[in-house]
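Asker: show me the folded form of this:
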Amino acid sequence: MYQHAGKCDCGNVTIEFSSSKNLPSYNTRICDCVYCTSHGIEYLSDPDAQISFVSNTPLKHQKQGSQQASFLKCSKCQTVIGVCYIDTEVCVGTLNAKLLDKFHQVQQGVVVSPKRLNKAEKVKRWRQLWSPIHINITA
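Answerer: Purely as a prediction, here's the structure:
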């Protein structure tokens with residue numbers, strides 16, 4: 001099992017991506033919406049991996065687009081650390097791969113356009129591609 005670590009810009013939030021694959025096995029996804037492109041985010045997830053966010057302060061949640069998923073931001077530096085979708089059955093998410101310590105090892109990103117999907121198609125896609133996610137607030 002590989003443990004890929006990272007943190008937000010101020011270090012308040014640490015990230016761990018636990019996977020059976022090493023980083024060069026992955027391509028990031030680059031969402032072409034205005035919000036994601038303006039933040040320069042590249043996403044990484046794997047349904048067989050696990051994402052953990054540990055923060056010293058509560059994370060800030062922000063809705064965009066279809067209002068179904070929450071962008072997770074550090075409450076101190078406002079860095080987008082990932083996105084999560086939670087319902088009664090799952091808690092899945094993706095992380096901002098640029099925050100990983102060894103981001104340079106990830107393969108070139110693939111542009112995706114989820115804004116072309118309807119609400120049900122988005123949820124189906126997230127359930128298929130995103131990782132189980134755990135959020136720990138230590139304070």
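Asker: distance between the longest helix belonging to the chain and the chain's centre?
Answerer: Criterion DSSP state H: the longest helix present in the chain is helix 119-129. Offset of helix 119-129 from its chain centre (CA atoms, centre = their mean, to the nearest Å): 14 Å.
Asker: what residue is smack in the middle of this protein?
Answerer: The residue lying closest to the centre of the chain (CA atoms, centre = their mean) is Leu95, at 2.0 Å.
Asker: ok and the host helix or strand of that one relative to helix 119-129, angle-wise?
Answerer: Assigned by DSSP states H and E, Leu95 belongs to strand 91-96. Per axes from the mean of the first three to the mean of the last three CA atoms, to 10 degrees, the angle that strand 91-96 makes with helix 119-129 is 80 degrees.
Asker: and the next element down the chain from strand 91-96?
Answerer: Where DSSP H and E defines the elements, the next helix or strand beyond strand 91-96 is strand 107-112.
Asker: need the residues that contact that next one.
Answerer: For strand 107-112, contacts defined as CB atoms under 8 Å, 6 or more residues apart in numbering pick out 24-32, 42. (C-beta placed from N, C-alpha, C; glycine too.)
Asker: repeat that for 6 Å
Answerer: With CB atoms under 6 Å, 6 or more residues apart in numbering as the test, strand 107-112 has contacts from 27-32, 42.
Asker: one more: stretch 74-92?
Answerer: 8-10, 12-13, 39, 41, 57, 60, 69-73, 93-96, 126, 130, 133.
Asker: show the buried residues in those.
Answerer: Neighbour-count burial (16 or more other CB atoms under 10 Å) applied to the contacts of stretch 74-92 gives 8, 12-13, 41, 60, 69-73, 93-96, 126, 130, 133.
Asker: which stretches of the protein form helices?
Answerer: 34-39, 119-129.
Asker: how far does the shortest one sit from the chain's center?
Answerer: The chain centre lies 14 Å from the centre of helix 34-39; the measure is CA atoms, centre = their mean.
Asker: counting contacts, what elements does that helix pack onto?
Answerer: Using 3 or more CB pairs under 6 Å, 6 or more residues apart in numbering; DSSP states H and E as the contact test, no helix or strand touches helix 34-39.
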